[in-house]
Every structure is written in C-alpha cells, then in structure tokens.
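> how does the following fold in three dimensions:
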Amino acid sequence: MKNKKIKLHPILVKDKSKNDLFKDETIVATGLGGTGESLRYYIIISSHQNLNLEHQNTIKMGLSVIYNKFQSLAEDVKFKENHALIKILIPVHFSVDKVIIALIKLCNSNSKFLRFHYFCTNVEKPSNKDIQEYLNELKDLNK
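This next block holds a predicted model:
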C-alpha cells in the first residue's frame, strides 16, 4: 500500500454483551468506513487455477450463505483470472478471519479450488499493483 494520508471514518459500536472489549460504546475508525456496527473490508481470495463460471457461482452462493450465518454483506465482487476482489461488510462482533475461512471452506467443499491464504484490508481499496504483489508473493511461497 502507498504511504499516503488515509481519511478515517468513525463507526459507533454499542456493546450488547457487556464484555471488556467495547465498554458500552466505542468508536472504531477505519479508512473504508462501514455501516451500523459493521466495518467495510476488501478481501482477495485466490485460486490455484483460473476461476471459471462454476467457481464464480460457487463463490457468489458462498457469500449468500455467509450473509445468513454472519450477517456479512458482500457489497461488490470482481472476478479476475485467478482471484476475486470482494468488498464486504462484517459486523465487529465477528472475527474477520472466521468469516473468510468459513467462506473458503464452504466454496472448497466440492472442489478445492481456493487457497486458504487471503488478503484483507479495511484501510483502502487495493490497487492493481497491490493485488499483483500479493499474488506474486503467493507464487513465491509455492516454489
């Protein structure tokens, strides 16, 4: 990511569970903002192979299941040759990792086409350069 000033968007979180993490109300600031008690993230999930139409539909179906299970709404999905860029709202009360790994496991239940490694940010939308650097790092890991 580039070194530049990021405008932060505060989100007010009201703690319903009365745990120590969010004392009644907490303000969480993120570069991508959010809505209600959900923060916005960009996630890159990638494949060992090209994402064909069947893979793309599997990811879309997986995102609808994730919405029902974790109230995590995919606002946008862009498919490229071997990866998907997903803009998603995830409630602060859920672990981002748990949501993403659940999506990957669900998509891989019939055909293991997605890697269990992912890229996630709530600062800014990854540029094409950022995405390519990440994908190149994955290639280097597989050597």
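> strands of this protein, start to end?
Using DSSP state E, the strands found in the chain span residues 9-14, 25-30, 34-35, 38-47, 73-79, 83-91, 114-121.
> so which elements touch the fifth one?
Strand 73-79 makes packing contacts with helix 53-70, strand 83-91 when contacts are defined by 3 or more CB pairs under 8 Å, 6 or more residues apart in numbering; DSSP states H and E. In short, each C-beta sits where N, CA and C put it, glycine included.
> most packed of these?
By mean neighbour count, with neighbours taken as mean count of other CB atoms under 10 Å, strand 83-91 ranks first of those at a mean of 21.
> need the contact partners of that one.
Contact with strand 83-91 is made by 34-47, 51, 56, 59, 63, 70-78, 96, 99, 125-126, 131, 135, as judged by CB atoms under 8 Å, 6 or more residues apart in numbering.
> pLDDT of that strand, averaged?
What strand 83-91 shows for mean pLDDT is 97.
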